[in-house]
Every structure is written in structure tokens, then in C-alpha cells.
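>>> what follows is a predicted structure for the sequence shown.
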Amino acid sequence: MGELPPCEKCGSEYVYENGDYYVCPECAHEWLKGAGSEQNQEEEGLVVKDAHGNLLKDGDSVTVIKDIKIKGSSSVIKVGTKVNDIRLVEEVNGHNIDAKVKGFGPMMLKSSIVKKSN
Ligand SMILES: [Zn+2]
């Protein structure tokens, strides 16, 4: 409480309060107090890291680093399979990535068996 956040835009520490707003004297950015902190909390709630500890975000592409057996079928998603446009979700049984895998359709993946790719 009482701590002023750094500027959202430029990261300046000289932010001051002005009513319901925070104001940055360095880049003149202004933002609503409540909105900013809620947004930050949401982002902190979904920290998803790949097998190498890299932070993942919505829209990232990842590569599968371990064969994934599909429950109830003989299909296997092979090592090296690229998955585009992932979506981070609240963890369910260790699965915290929602994605569409080519040839398999939509499914949940574990961030611990993928690595971020470009
Ligand atoms: Zn600023």
C-alpha cells in the first residue's frame, strides 16, 4: 500500500498521483489507478513458463519436446511438433496451455513439455 507503480509506458519511477490517475512526468503518460492494478494482477495470475523457464504468452508458438499420447486413442503428438498461437489458461491438472494442434484439433497442453519457438 502507498507504493507507486513504475510508469506503464517508460518504466519511470517518478510517477505521482493525481486524483484517480497516476501521472508520469517523464513521458506524460496518465492511467487510471484501478484499471492498471487489476490488469497487473491478472497478468501475474497466469505466469506460464516453458520447459526451459522462458515466459510464455498468448499467441506464442511452441515446440513439443516430448511425445504426447492422446488419451483414448493411439495417436501420438511427436517431439518437434510445432504448435502455433497458444492461449494461456488457468491450470487444470497441470495443463495450462490451450492450443490447436495441426492434425489433432484443440487440446490442453502442459507448459513443462513445450519450449518456446520463433
Ligand atoms: Zn512514463
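Yes, it's here. Remember, predicted model here, so these are calculated numbers, not experimental data.
>>> use CA for all of it now, contacts and neighbours both
Noted.
>>> quick one, what contacts the nearest residue to Glu26 once chain neighbours are set aside?
Excluding the flanking residues, the one nearest Glu26 by C-alpha to C-alpha, 6 or more residues apart in numbering is Ser12, at 6.9 Å. The contact partners of Ser12, by C-alpha atoms under 8 Å, 6 or more residues apart in numbering, come to Pro6, Cys24, Glu26.
>>> look up phi and psi at the closest residue to Cys24 other than its chain neighbours.
Distances taken as C-alpha to C-alpha, 6+ apart place Val15 nearest to Cys24, at 4.6 Å, with adjacent residues excluded. Dihedral pair for Val15: phi -70, psi 140, per degrees, to the nearest 10.
>>> isn't Val15 up against Lys9?
No - using C-alpha atoms under 8 Å, Val15 makes no contact with Lys9, being 11.1 Å away.
>>> who's more crowded, those two?
Between Val15 and Lys9, counted using other C-alpha atoms under 10 Å, Val15 has the larger neighbour count: 20 against 13.
>>> and the pLDDT at the more buried one?
pLDDT, the model's per-residue confidence, is 95 for Val15.
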